[in-house]
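In: just the structure for this:
(one chain, ligands or ions: 1)
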Amino acid sequence: MTDGHTSSTRHEAEVVVIGAGLSGLAAVIALRRAGFDDVVVLEKSGRLGGTWRDNTYPGCGCDVPSVLYEYSFAPHSWSRGFADRSEILDYLGTTAATHGADKVIRYDTEVLSSRWDRETHRWSLKTTSGTYTTRAVIVATGPWHRPRHPDVPGLGTFPGTVFHSARWNHEVDLTGQRVAVVGTGASTVQFLPEIQPKAAHVAVFQSTPQWVLPKPDYPLPSGLHDFFAHHPAARRALRGLHRWTQEAIGVPLRHPHLLGPLEALARFHLRTSVRDRVLRRALTPEYRFGGRRLITSSTYYPTLTQPNVRLHPTRVTAVKGSDVIGADGTRTRADIIVLATGYHIGDLPLAPHLHGTDGTLAQTWADNRRAYLGTSVSGYPNLFLLLGPNLLTGTTAVPTVLEAQLRYITAALNHLRASGASALDVKPEAEAAHQRALHEALRTTVYNATGTSYYFGLPGINTFCWPWSTARLIKRLTAFNPDIYAWTMPLPTQTGTERDALPTRPSSRPG
Ligand SMILES: Cc1cc2nc3c(=O)[nH]c(=O)nc-3n(C[C@H](O)[C@H](O)[C@H](O)COP(=O)(O)OP(=O)(O)OC[C@H]3O[C@@H](n4cnc5c(N)ncnc54)[C@H](O)[C@@H]3O)c2cc1C
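Out: Modelled structure (predicted):
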């Protein structure tokens, strides 16, 4: 990403949302419902949908129940218990159109940089389609956006085809081919059962085994939709049931001495799916359940027992010619390599180009990705992160958290409007106190147990997990507290220099 190559066109908006995925679309709908009409969404791609637009691998879908993977204001008649990506993508498109969100998306508009102007108290965003100035920015660029490519010697000279599972190459026909799959995370468990019947051979390289729970996926009978249409309370009850089941699973994750029953269930699932003892041992994790992202699948283990599939419990250390080589000396010939090596989770590619009152977000986050309730960062006035650091857990459905964040953000913007203030900036002491409490609480959860999982966005620092219940997160986000923000009041006659001389962080709340 560079800051150059922008056209000179200038645009204004009261609020700019960056990204038109699940989060950005929810943001524009929430803002318009709260009376903010002057909102634009800047989307670098030519289509909305984010994750569900980009991930097209076979079998791609939701791993939380469909009824939880929807906006509460737009219930949908899902065709399956766990929706696939095309149904989610259609749902997002339809919901955006129904709520007029699609009209305010500026496609093919990548935000290259964003800078807080200390004189005008506005953000200025340089994009590939001109400059936008705005009072407030909502960053909705997604925590699972940038695929992670492993640094494997020789991969660049592999004579066959290599692609990342997040950018599936549909030009390549896997029929009769020898495929090497690198990585065994949430994507692999979804696409492996789909590609196994076609391929001549699939070598699966696993650096760390996963805890896998069965996934009760099933087509939903169409009669159910009519029933729910006539009995909305029943639908709400079903949502509630799923939500509280997820909350219940969260309890042992926060109190690992209670993990026994979940580990027993996962072991039972493994034992009944895989009869071969050696394979079973290779698939048994040595860390506690929940130490890494939870995986659900009823088809992954059975696929690994198929005669044309071979699990190599080792990481890939090199590629030599057509051979993929493991750390244990394994050598297997491949025609195609699929890198299922995940994402740079929550790293925010815009961070080096986001200039606050005192440097860039990359500098601010150099030693920790801190944010108050994963939403406000001190030194970045009028800027809000959706799905920012330390908001999710192994069990949370993203839309639940997202909607709570949006209640918080609209409350903040309403206060800004009502007060006549020009800026709100979370007080550094409030942010620091939140960080201390959060990391202290994380210490005893299973999320911190491995020290190296994808929860650790920085060495030794869990930048992903919320250490308490989701209900507590929602409660915290629902009660916007203006006192933890510094509010800057504009003086109509002040010049830029005079305004800079004002205390930028008055401690009192606006009237
Ligand atoms: C394979 C997969 C399966 C998943 N399954 C689940 C699940 O079952 N349950 C669950 O809760 N979550 C799941 N997730 C997480 C999922 O990413 C979130 O639920 C949700 O889709 C995130 O939405 P988002 O809008 O925040 O981000 P994204 O969907 O990533 O959208 C971000 C958007 O921002 C745009 N953008 C990025 N940078 C810029 C820029 N500089 N300028 C302009 N536009 C920009 C991108 O093009 C994109 O459209 C899954 C993720 C993946 C990858």
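
In: was I right to think Thr284 contacts Leu270?
Out: Yes: counting by CB atoms under 8 Å, Thr284 does reach Leu270; the two are 6.8 Å apart. For every residue, glycine as well, the C-beta is placed using N, CA and C.

In: so between those two, which is more surrounded?
Out: Set side by side, Thr284 and Leu270 show more neighbours around Leu270, with 18 against 14, by other CB atoms under 10 Å.

In: okay, now the unreliable bits of the stretch 401-511 of the chain?
Out: Within the stretch 401-511 of the chain, the set of residues satisfying pLDDT under 70 comprises 491-511.

In: quick one, helices of it?
Out: All helices of the stretch 401-511 of the chain, identified by DSSP state H, counting those that start in this stretch, fall at 428-442, 470-478, 496-501.

In: and for the stretch 251-400 of the chain?
Out: Using DSSP H, counting those that start in this stretch, the helices of the stretch 251-400 of the chain run over residues 260-273, 277-282, 300-304, 361-364, 398-419.

In: residues contacting the residue of the stretch 151-300 of the chain found nearest the ligand?
Out: Residue nearest to the ligand within the stretch 151-300 of the chain: Ser187 (5.5 Å; CB to the nearest ligand atom). Residues in contact with Ser187 (CB atoms under 8 Å, 6 or more residues apart in numbering) are 55, 57, 60, 165-166, 340, 342.

In: and which of these is nearest to the ligand?
Out: Nearest to the ligand among the contacts of Ser187 is Asn55, at 4.3 Å by CB to the nearest ligand atom.

In: how many neighbouring residues does the residue of the stretch 351-500 of the chain found nearest the ligand have?
Out: The nearest approach of the stretch 351-500 of the chain to the ligand comes at Val398, 3.3 Å away (CB to the nearest ligand atom). By other CB under 10 Å, 22 other residues sit near Val398.

In: before we move on, what about Gly420?
Out: Number of residues near Gly420 (other CB under 10 Å) recorded here: 11.

In: doesn't Met489 make contact with it?
Out: Yes: counting by CB under 8 Å, Gly420 sits close enough to Met489 to count as a contact (6.8 Å).

In: how about the strands in the stretch 301-450 of the chain?
Out: Taking DSSP state E, counting those that start in this stretch, the strands of the stretch 301-450 of the chain run over residues 309-312, 316-320, 323-326, 331-333, 336-339, 354-356, 359-360, 383-385, 423-426.

In: distance of Thr375 relative to Glu263?
Out: 34 Å (CB to CB, to the nearest Å).

In: oops, could you answer that again for Gln405 instead?
Out: For Gln405, the distance to Glu263 equals 32 Å [CB to CB].

In: over to Ala234?
Out: Plainly put, Ala234 is 34 Å away from Glu263 if you go by CB to CB.

In: more neighbours: which of the two?
Out: Neighbours were counted for Ala234 and for Glu263 using other CB under 10 Å; Glu263 has more, 15 against 12.

In: excluding chain neighbours, what is closest to the more buried one?
Out: Phe289 (4.6 Å; CB to CB, 6 or more residues apart in numbering).

In: now Leu311
Out: Leaving aside its sequence neighbours, Leu311 sits nearest to Val204 (CB to CB, 6+ apart; 5.0 Å).

In: ok, Pro214 next?
Out: Closest to Pro214 by CB to CB, 6+ apart is Ser298, at 4.6 Å.

In: residues contacting the one you found?
Out: Applying CB under 8 Å, 6+ apart to Ser298 gives the contacts 214-217.

In: now Gly388
Out: 139, 346, 369, 371, 374-375, 377.

In: what residues does the stretch 401-511 of the chain have near the ligand?
Out: On the criterion CB under 6 Å from any ligand atom, the ligand has no neighbours in the stretch 401-511 of the chain.

In: typed the wrong thing, it's the chain
Out: Counting by CB under 6 Å from any ligand atom, the chain sits next to the ligand at 18-24, 42-45, 50-51, 55, 60, 62-64, 69, 110-111, 140-142, 144-145, 187, 350, 386-387, 397-398.

In: return the subset of those residues lying in helices.
Out: 22-24, 51, 187, 398 (DSSP state H).

In: what's the weakest-modelled helix or strand in the protein?
Out: The weakest-scoring helix or strand in the chain, judged by mean pLDDT, DSSP states H and E, is helix 496-501 (a mean of 39).

In: now Gln210: which helix or strand?
Out: Using DSSP states H and E, Gln210 maps to neither a helix nor a strand.

In: want to try TSV for the contacts of Ser187, with distance to Ile249 as columns?
Out: Converted to TSV, the contacts of Ser187 look like this (distance: CB to CB, whole Å):
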residue	distance to Ile249
Asn55	24
Tyr57	26
Cys60	23
Ser165	26
Ala166	26
Ala340	25
Gly342	22
